[in-house]
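Peer 1: fold the following for me, if possible:
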Amino acid sequence: MDEIPIGALFGALIFLLLLSAFFSGSETALMTLNRYRLRHHAEGGHPGARLAEKLLAQPDRLIGLILLGNNFVNILASSLATLIAIRLGGEGAIPAAAGILTLVVLIFSEVAPKTLAALHPETLAFPAAWVYTPLLRLLFPLVWVVNLLANAVLKALRIYPEGAEGEALSREELRTVVNEAGAMMPKRHQRMLLGILDLEKVLVDDIMVPRTQLDGIDFEQPISVILEQLQQLPYTRVLVYRGNIDNVMGFLHSRKILHAALDADGLTHAELQALIREPYFIPKGTPLNQQLLNFQRRKRRSGLVVDEYGDVLGLVTMADILEEIVGEFATDPSDSIASVQPQEDGTFLVDGSAGLRELVRTLHWELPTDGPKTLNGLIVEHLQSLPEPGTSLMIAGYPIDIIQTQDNCVKTARIRPQERRITQAADAD
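Peer 2: Presented below is the predicted three-dimensional model:
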């Protein structure tokens with residue numbers, strides 16, 4: 001060793017420190033790679049991404065290889081630094097060399113490369129994969145022995161690497177990913193994805209058209225009356241019942257009855273009954289994600305929500321579920337709710353039977369939706385009594401005036417959302 005020039009020793013030491021920086025940085029880069037982005041690059045044909053994905057498929061081997069190389073390089077660098085210290089200052093210089101080497105390794109071979117790799121993992125990980133792939137094949141026997149011994153230690157501690165959980169995201173984790181997508185995804189697409197994730201939290205009870213608002217035709221009426229009612233109803237599929245809504249016969253396609261009426265000299269009740277499609281009933285409390293699949297399997301577009309006694313509670317359609325995902329189909333949100341009448345002064349006259357989820361979804365009001373389903377229910381729950389006309393109250397910061405009551409419920413209320421914003425701004429000041 002005495003024959004080796006001191007300059008060559010310093011050059012070898014610097015080379016070892018660079019190797020140590022490569023091992024440290026590449027380890028951090030490979031371990032912090034976004035696995036879903038990596039899979040996207042690999043499926044897109046990126047060769048470095050494909051190699052990195054194969055290496056990360058067996059992380060114990062990759063970690064064993066990196067640590068084997070890193071420790072070997074660091075130990076060799078320490079021995080070389082000791083040799084240089086003895087050549088320059090004798091044995092008394094060894095402690096100083098150890099301290100200097102520790103500082104240099106910490107800064108230039110650990111902290112700096114690992115920080116850079118954490119900030120730009122793909123920049124270092126993909127080229128490193130080209131180095132580690134052949135190196136792993138070359139040193140596989142040694143790496144296998146190291147992993148075998150390491151796994152034996154883990155099993156002695158009752159830790160089993162082969163039983164580790166996968167990387168599948170939970171629903172809440174996926175919701176966080178979508179929320180943090182930021183500029184990478186349009187806001188509308190974010191809302192749609194969140195709407196899909198939230199389907200299991202919403203029940204058919206929350207979006208159904210309540211029983212009191214259902215329109216249909218009474219089969220017991222004369223044919224002339226039925227035809228007149230069909231001309232006035234704006235729906236393609238019409239509910240048919242006997243006497244009252246509890247005796248549902250099914251749904252009738254208005255086009256079919258129109259064709260039958262044109263083709264026949266006189267439409268009879270028997271012919272009309274043959275055109276009726278049997279009803280499809282939905283149990284109360286069914287989550288929307290399940291009901292969407294049920295509609296698809298049964299090839300139905302609408303169904304009647306019933307309680308445990310079989311009583312009809314309301315109507316749910318495929319369009320109602322889709323609106324939970326994509327939003328209202330109408331151009332003007334206020335036009336899509338017949339029970340909401342915008343006023344020139346910025347207030348809204350709202351029918352007490354209006355659904356809270358519909359108001360929140362279309363008008364973006366921040367009303368509570370985890371309790372009553374309608375505005376009337378929310379007001380009555382808040383006051384614990386039926387209010388008189390002229391009563392004013394505040395719910396979730398929205399000033400609400402009771403305009404009309406009828407049949408033990410709130411018929412019409414005025415909501416002043418613009419004053420909620422003024423109040424919030426005044427509170428902030």
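Peer 1: and the strands in the chain, which stretches?
Peer 2: Taking DSSP state E to define them, one finds strands in the chain at 209-210, 216-218, 237-241, 248-253, 281-283, 302-306, 312-317, 340-342, 348-351, 392-395, 398-406, 409-415.
Peer 1: I196: which of those strands is closest?
Peer 2: Ranking the strands of the chain by proximity to I196 (C-beta to C-beta) places strand 312-317 first, at 17.3 Å. In short, each C-beta sits where N, CA and C put it, glycine included.
Peer 1: let me see the contact set for the residue lying closest to D206 once chain neighbours are set aside.
Peer 2: Excluding its sequence neighbours, the residue lying closest to D206 (C-beta to C-beta, 6 or more residues apart in numbering) is R357, at 5.3 Å. By C-beta atoms under 8 Å, 6 or more residues apart in numbering, the contact set of R357 is V202, D206, I207, T369, K373.
Peer 1: which one of those residues is nearest E3?
Peer 2: Using C-beta to C-beta, the contacts of R357 come closest to E3 at V202, 80.7 Å.
Peer 1: the closest one contacts P287, correct?
Peer 2: Yes. Between V202 and P287 there is a contact under C-beta atoms under 8 Å: 7.0 Å.
Peer 1: who has more neighbours, these two?
Peer 2: Taking neighbours as other C-beta atoms under 10 Å, V202 and P287 compare with V202 leading, 18 against 15.
Peer 1: how many neighbouring residues does the residue lying closest to the more buried one once chain neighbours are set aside have?
Peer 2: Using C-beta to C-beta, 6+ apart and skipping the chain neighbours, the partner closest in space to V202 is L288 (4.8 Å). Using other C-beta under 10 Å, L288 has 23 other residues around it.
Peer 1: do the same with A117
Peer 2: 25.
Peer 1: residue contacts, it?
Peer 2: Contacts for A117 (C-beta under 8 Å, 6+ apart) come out as G25, S26, E27, T28, A29, T32, L124, A125.
Peer 1: can you check V143 too?
Peer 2: Going by C-beta under 8 Å, 6+ apart, V143 touches R61, G64, L65, L68, L136.
Peer 1: one more pass at 6 Å, please.
Peer 2: R61, G64, L65 (C-beta atoms under 6 Å, 6 or more residues apart in numbering).
Peer 1: I100: which of the strands of the chain is closest?
Peer 2: Going by C-beta to C-beta, the one of the strands of the chain nearest I100 is strand 398-406, 68.7 Å.
Peer 1: now do the closest one against strand 409-415, angle only.
Peer 2: Strand 398-406 and strand 409-415 are oriented at 150 degrees to each other (axes from the mean of the first three to the mean of the last three C-alpha atoms, to 10 degrees).
Peer 1: pull the residues that contact strand 398-406.
Peer 2: Outside strand 398-406, the residues touching it (C-beta under 6 Å, 6+ apart) are 387, 389, 391-393, 411-416, 419-420.
Peer 1: how near is the residue nearest to D206 to I196?
Peer 2: 16 Å (C-beta to C-beta, to the nearest Å).
Peer 1: and I100, by the same measure?
Peer 2: For I100, the distance to I196 - C-beta to C-beta - is 58 Å.
Peer 1: next, count neighbours for P368.
Peer 2: So P368, with other C-beta under 10 Å, has 13 neighbours.
Peer 1: which non-adjacent residue is nearest it?
Peer 2: Closest to P368 by C-beta to C-beta, 6+ apart is A396, at 6.2 Å.
Peer 1: contact partners for M249?
Peer 2: F219, V240, Y241, I276.
Peer 1: how about those, which pair is most distant?
Peer 2: Using C-beta to C-beta, the pair of the contacts of M249 lying farthest apart is Y241 and I276, separated by 10.3 Å.
Peer 1: surely A52 touches A129?
Peer 2: Yes. Counting by C-beta atoms under 6 Å, A52 does reach A129; the two are 4.1 Å apart.
Peer 1: ok, those two, which is more surrounded?
Peer 2: The residue with more neighbours, out of A52 and A129, is A52; 28 against 23, by other C-beta under 10 Å.
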